[in-house]
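Q: Sequence and predicted model, in that order:
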Number of protein chains: 2
Amino acid sequence: MITLDFEKTGGLIPAIAQDYKTGEILMLAYMNPESWEATLSTRKATYWSRSRQELWVKGATSGNVQHVKEIRIDCDDDTILLKVEQVGGAACHTGHRSCFFKKVENGDLKIVGKPVFDPKEVYKK
Amino acid sequence: MITLDFEKTGGLIPAIAQDYKTGEILMLAYMNPESWEATLSTRKATYWSRSRQELWVKGATSGNVQHVKEIRIDCDDDTILLKVEQVGGAACHTGHRSCFFKKVENGDLKIVGKPVFDPKEVYKK
């Protein structure tokens, strides 16, 4: 039985998605108990969208789902680490492979790398 | 000028510490504006301790400081990624190298790896 501490942070805990092969950190999102259970049962990363206030199956719109290969929990049971296979090559809604594409350099932010896809094409209605 | 979105989550945003060489995720903690500024100016990972409600220079007690080699910010400006050199070989207060030493396996948690140090020795008064 696995009991996570959702209460400490008011119901949502952070989940890091890391490429299971390269170790690259792809994104960080949040989970509530419902998304945690869905991730366990479907083995597809499922978060809680804070902006839309709804269950968020990552890749449901873009097709860029995350197949969960391994799950780690931290010492305090309040952070989740997903080692995933990122379908489509990019985790970020901007089209970048990783959401962490801004590098701090000389007191400013520098964009690192180029988008893998064009968000206008992927998210068009 | 770098402006992070501390407001979305009520003043604290998550910061991931990743080994700058191996890519291993060592821990996740939180930062407020004060700890963010301290991290930038000292290049030592400095968090905000939610339990103690005070500035937390990582390693101030144990000696296991984190020298910051690179800083990334995510697409929404509300998550920090620190690529660090972990002094002492372990980031976790339990003595484990990484805080993520519990692996989900067959519906339960399995401890992965062994502690690098004995917390009773490191944190004794």
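A: That came through, no problem. Numbering: from 1, shown residues only, chains lettered A, B, ... in the order given.
Q: which parts of chain A sit against chain B?
A: Residues of chain A found near chain B (Cβ under 8 Å from any Cβ of the partner chain) are A:1-2, A:8, A:14, A:16, A:18, A:22-25, A:27-28, A:40, A:50, A:70-77, A:79, A:81, A:92-94, A:96, A:99-104, A:107-109, A:112. In short, each C-beta sits where N, CA and C put it, glycine included.
Q: which ones are touching the residue nearest to A:H67 when sequence neighbours are not counted?
A: Distance criterion Cβ to Cβ, 6 or more residues apart in numbering or on different chains; nearest residue to A:H67, sequence neighbours excluded, is A:E85 at 4.3 Å. Contacts for A:E85 (Cβ atoms under 8 Å, 6 or more residues apart in numbering or on different chains) come out as A:19-21, A:66-67, A:69.
Q: can you map out the strands along chain A?
A: Assigned by DSSP state E, the strands in chain A fall at A:13-19, A:25-31, A:46-49, A:54-57, A:66-73, A:80-86, A:102-105, A:108-111.
Q: Could you dump those strands into TSV and include mean pLDDT?
A: Below are the strands of chain A laid out as TSV (pLDDT from 0 to 100):
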stretch	mean pLDDT
strand A:13-19	98
strand A:25-31	98
strand A:46-49	98
strand A:54-57	98
strand A:66-73	98
strand A:80-86	98
strand A:102-105	98
strand A:108-111	96
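Q: ok and the residue in chain A nearest chain B?
A: A:G23 (2.9 Å; Cβ to the nearest Cβ).
Q: Surely A:E24 touches A:Q18?
A: Yes. With contact defined as Cβ atoms under 8 Å, A:E24 reaches A:Q18; the gap is 6.9 Å.
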